[in-house]
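J.: sequence and predicted structure are below.
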Amino acid sequence: MRLQAAVLRSYEDPFTIEEVTLRAEPAAGEILVEIAGCGMCRTDLAVRRSAGRSPLPVVLGHEGAGVVVGTGGGPDTAIRVGDHVVLSFDSCGHCRNCRGAAPAYCDSFASLNLFGGREEDEPRLTDAAGKALAPRWFGQSSFATYALVPARNAVRVDPALPIELLGPLGCGFLTGAGAVLNSFGAGPGDTLAVFGAGSVGLAAVMAATAAGALTVAVDRHPRRLALAERFGAIPLLATTPGLPERIRRLTDGGAQYALDTTASYPLINDALRALRPTGSLGLVARLPTALPLEPGTLDRGRSIRHICEGDAVPGLLIPRLTGLWQAGRFPFDRLIRTYPLTDVNEAERDCEAGRVVKPVLLPERGSR
């Protein structure tokens, strides 16, 4: 089948909107999804800085959501044609971590999601010249009108929900909210400091407010801090003199948890100093080099760890987040600005410039 997709052909050039061919019908364990909307994530844009590790040309996009229009069946495929689904990350399903309900730490996570897809997969997408495009990005490649994905990537959702807006629940919003609800298990009376009020950080703020935790949000952009305050956080500029001490005063002796989304070494050290004894810091951004920790930052039982995909089982967390949204307690839609798929380069520019928190690309529906 022929479809429209945004193709990245070089690390420096803009996306090109092209007609590409999807070469296979769904095999057993796969589904074909008509994409209603796909979030643009910093991980998509980081491909430009991947030093050649991500194969090109490629159709990116890993926060897709849409309607199932085909299924290959199979004993493990409960999804049916007509179901509305949110697509999340890929995992093998049989390694120790997958069997232990930790699919974000799948032994094959990097190869399945970042660097080439499943070894047994034949090329799925070809361009107009018949040349193969890179294997499925996060099992999806959903900057397109259709995506052929493993059924285990997909989570069924209520068809009454606005499907075109739900895609970011599969990664960015899942990561921030999952860090609070799963990794930290935050609840009433807990204290949290969130460093970076982008899409992941603001999702963490919303989840913390929903959980009843007191939250401080730190960012260098006043407009982002205004959003964080609207969602229940105490806002602090990253340039505030004596930032760790200020956070400790606001949180009655220090935050129990801190989440860094910035990968800024000075802010990571500030986050550690803002913790109370035995407090925990979670990092969600990939660090480009070794992390320099200042003396004393890990004293008194403080700890630091990396959190991948919010420690989430998508099939459990995504319905929890849509339920919170329906109850008015996780208003993620207020972070979204939509763009036609054909405006993918404008969406990227706005995202990089900080003019939008979460761009969502809307393909033209019903075209093959």
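T.: Received it, and whenever you're ready, just let me know what you need.
J.: how about the helices in the protein?
T.: Assigned by DSSP state H, the helices in the chain fall at 42-45, 96-99, 109-113, 172-178, 199-211, 222-230, 243-250, 265-273, 314-326, 344-353.
J.: and of those, who's closest to Asp127?
T.: helix 344-353 (16.4 Å; CB to CB). Where C-beta positions appear, they are placed from N, C-alpha and C, glycine not excepted.
J.: before we move on, back to that, looking at the helices of the chain, which is nearest to Thr71?
T.: Using CB to CB, the helices of the chain put helix 314-326 closest to Thr71, at 16.9 Å.
J.: so for the closest one, what gets flagged as buried?
T.: Neighbour-count burial for helix 314-326, counted by 16 or more other CB atoms under 10 Å, picks out Pro314, Leu317, Ile318, Pro319, Arg320, Leu321, Thr322, Leu324, Trp325.
J.: pipe these into a markdown table and attach distance to Asn345 and pLDDT per row.
T.: Compiled in a markdown table, the buried residues of helix 314-326 are given as follows (distance: CB to CB, whole Å; pLDDT from 0 to 100):
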| residue | distance to Asn345 | pLDDT |
| --- | --- | --- |
| Pro314 | 29 | 97 |
| Leu317 | 32 | 98 |
| Ile318 | 29 | 98 |
| Pro319 | 34 | 98 |
| Arg320 | 34 | 98 |
| Leu321 | 29 | 98 |
| Thr322 | 30 | 98 |
| Leu324 | 33 | 98 |
| Trp325 | 30 | 98 |
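J.: ok, Asn345 - contacts?
T.: For Asn345, the contact set (CB atoms under 8 Å, 6 or more residues apart in numbering) comprises Pro14, Phe15.
J.: so how far is Pro359 from it?
T.: Going from Asn345 to Pro359 by CB to CB, to the nearest Å gives 11 Å.
J.: equivalent analysis for Arg337, please.
T.: Arg337 is 6 Å from Pro359, by CB to CB.
J.: mind listing the shared neighbours of these two?
T.: By CB under 8 Å, 6+ apart, the residues touching both Arg337 and Pro359 are Asp350.
J.: okay, the two: which has more neighbours?
T.: More crowded of Arg337 and Pro359, by other CB atoms under 10 Å: Pro359, with 24 against 13.
J.: need the pLDDT of the more buried one.
T.: Listed pLDDT for Pro359 reads 98.
J.: number of residues surrounding the residue lying closest to it once chain neighbours are set aside?
T.: Nearest residue to Pro359 in three dimensions, chain neighbours excluded: Ala347, at 3.9 Å (CB to CB, 6 or more residues apart in numbering). Ala347: 24 surrounding residues under other CB under 10 Å.
J.: let me have the buried residues of helix 314-326 in JSON lines, extended by distance to Ala263.
T.: Shown next, in JSON lines, are the buried residues of helix 314-326 (distance: CB to CB, whole Å):
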{"residue": "Pro314", "distance to Ala263": "24"}
{"residue": "Leu317", "distance to Ala263": "23"}
{"residue": "Ile318", "distance to Ala263": "26"}
{"residue": "Pro319", "distance to Ala263": "30"}
{"residue": "Arg320", "distance to Ala263": "27"}
{"residue": "Leu321", "distance to Ala263": "24"}
{"residue": "Thr322", "distance to Ala263": "29"}
{"residue": "Leu324", "distance to Ala263": "28"}
{"residue": "Trp325", "distance to Ala263": "28"}
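J.: for the chain, what are the low-confidence residue spans?
T.: The model of the chain has pLDDT under 70 over residues 24, 51-52, 75-76, 115-123, 366-368.
J.: related to what we said a few turns ago, of the helices of the chain, which is nearest Arg305?
T.: helix 265-273 (12.0 Å).
J.: among the helices of the chain, which comes closest to Glu19?
T.: Comparing the helices of the chain by CB to CB, helix 344-353 comes nearest, at 15.0 Å.
J.: report the angle between that closest one and helix 199-211.
T.: For helix 344-353 against helix 199-211, the angle by axes from the mean of the first three to the mean of the last three CA atoms, to 10 degrees is 70 degrees.
J.: could you list the buried residues of helix 344-353?
T.: Neighbour-count burial for helix 344-353 [16+ other CB under 10 Å]: Val344, Ala347, Glu348, Asp350, Cys351.
J.: what does stretch 94-112 give?
T.: Buried residues in stretch 94-112 (16+ other CB under 10 Å): Cys95, Asn97, Cys98, Ala102, Pro103, Ala104, Cys106, Ser108, Phe109, Ser111, Leu112.
J.: as TSV, the residues you listed with distance to Gln256 would be great.
T.: Output for these, formatted as TSV (distance: CB to CB, whole Å):
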residue	distance to Gln256
Cys95	32
Asn97	26
Cys98	30
Ala102	23
Pro103	27
Ala104	23
Cys106	29
Ser108	34
Phe109	28
Ser111	36
Leu112	34
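J.: looking at those, which is nearest Ser10?
T.: Ser111 (23.0 Å).
J.: gap between the two ends of stretch 132-140?
T.: In stretch 132-140, first residue to last residue: 16 Å (CA to CA, to the nearest Å).
J.: contacts only, for the closest residue to Pro150 other than its chain neighbours.
T.: Excluding its sequence neighbours, the residue lying closest to Pro150 (CB to CB, 6+ apart) is Gly139, at 5.4 Å. Contact analysis of Gly139 by CB under 8 Å, 6+ apart lists His62, Leu87, Phe89, Asp90, Leu112, Asn113, Gly117, Val149, Pro150, Asn153.
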